[in-house]
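Participant: Predicted structure and sequence below. I'll ask about it afterward.
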Amino acid sequence: MVGTSGCTTDDSNDEGADTQSTNPSGDDDASETGTDDSVSSTVGESDSGTSQTDASDSDPTTDTEDPTTGTMNPIDCETPATETFTGNLYIDSEEDMMLLAGIREITGDIQIFDPGVTSFDFMVCVEEIGGNLQIFNTSATDVAGLKNLTAVGGSISISENPNLEWIYGLSGLAELPGSVVITANPVLTRISGFDGLQQIMTSLVIDENPTLTTVDAFSGLIVLYDDLSVSFNPALTDLSGLSGLMALGDQCVIKGNENMCISEAEAVCGDLKQWDGEGDTTGNKNGC
């Protein structure tokens with residue numbers, strides 16, 4: 001069955017992507033959940049004063065049109081699901097997708113890696129995943145089918161999906177015990193959503209997405225208990241979604257984004273109110 005998925009972030013982006021695709025390890029995530037009292041106090045002081053971005057501005061799953069195609073997008077769970085799938089689940093065939101009919105909760109990990117997956121509609125009734133969610137090598141252009149997720153017990157990894165254009169939705173998540181890793185998606189242009197997520201207990205990694213221009217996701221994120229890495233995204237210009245981040249437990253690495261003004265990186269790393277690590281903002285665009 002599927003192993004658990006984790007993330008350890010450093011300045012080496014290739015290592016981060018490979019780890020997620022080939023050697024998941026959720027145990028590390030569990031051991032790194034926040035124990036820093038100073039960071040915890042920052043959360044308490046900040047929750048009341050932080051404004052949330054209107055979901056309709058950044059979450060196309062609230063609309064009836066699929067923004068990637070311009071067509072109507074009626075995807076929804078027709079009948080409230082009540083069943084539980086116990087254990088870990090691989091999705092690498094159409095038959096595997098059918099296993100989720102009527103399923104509201106998956107108690108373990110789910111790994112989706114079939115090129116035959118062109119949408120995540122088969123996931124639309126799933127509200128809870130007890131372990132990790134790992135998506136790679138699919139042919140989907142978006143992740144609209146994940147719109148009803150309210151809880152993930154581990155990490156979320158979305159990597160190496162050749163047709164993925166826009167990540168949006170996932171705004172029902174308020175807290176994540178593991179990491180968010182979005183790497184090596186060759187035609188991804190925008191990351192939106194995740195607006196309800198206030199804490200990520202380990203890392204946020206957005207690395208090596210060659211056509212990514214905009215990260216307006218994570219508008220409600222206040223605390224990262226481990227690392228932030230936004231690196232080697234050569235087309236990236238907009239990092240506005242992370243402007244509300246206030247506390248970081250380790251490294252702030254925003255580097256090698258050659259078309260992004262250094263001020264975008266400094267607006268994230270420079271405005272932190274609690275920070276216990278080091279920073280690297282080299283290789284971004286200077287003089288603007």
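Facilitator: Looks like it came in fine. As the structure is a prediction and not an experimental result, all values here were calculated from the model.
Participant: going forward, measure contacts between C-alpha atoms and count neighbours the same way
Facilitator: Will do.
Participant: Tell me which residues touch the spatially most central residue of the chain, please.
Facilitator: In the chain, the C-alpha nearest the mean C-alpha coordinate belongs to residue 180, at 4.1 Å (CA atoms, centre = their mean). By CA atoms under 8 Å, 6 or more residues apart in numbering, the contact set of residue 180 is 155-157, 200, 203-205.
Participant: will you turn the residues you listed into a markdown table that also has pLDDT, secondary structure and distance to residue 225?
Facilitator: Shown next, in a markdown table, are the contacts of residue 180 (pLDDT from 0 to 100; DSSP: H, G, I helix; E, B strand; the rest coil; distance: CA to CA, whole Å):
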| residue | pLDDT | secondary structure | distance to residue 225 |
| --- | --- | --- | --- |
| 155 | 98 | coil | 14 |
| 156 | 98 | strand | 16 |
| 157 | 98 | strand | 17 |
| 200 | 97 | strand | 7 |
| 203 | 98 | coil | 7 |
| 204 | 98 | strand | 10 |
| 205 | 98 | strand | 13 |
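Participant: Pairing partners for the residue nearest to the centre of the chain in the sheet, please.
Facilitator: residue 156, residue 204 (DSSP bridges).
Participant: Could you check how far it is from residue 200?
Facilitator: Residue 180 is 8 Å from residue 200, where distance means CA to CA, to the nearest Å.
Participant: try residue 147
Facilitator: From residue 147 over to residue 200 the distance is 19 Å, taken as CA to CA.
Participant: ok, these two, which is more surrounded?
Facilitator: More neighbours surround residue 147 than the other of residue 147 and residue 200, with 28 against 25 (other CA atoms under 10 Å).
Participant: Validate this expectation: residue 95 resides in a helix.
Facilitator: Yes: according to DSSP: H, G, I helix; E, B strand; the rest coil, residue 95 belongs to a helix.
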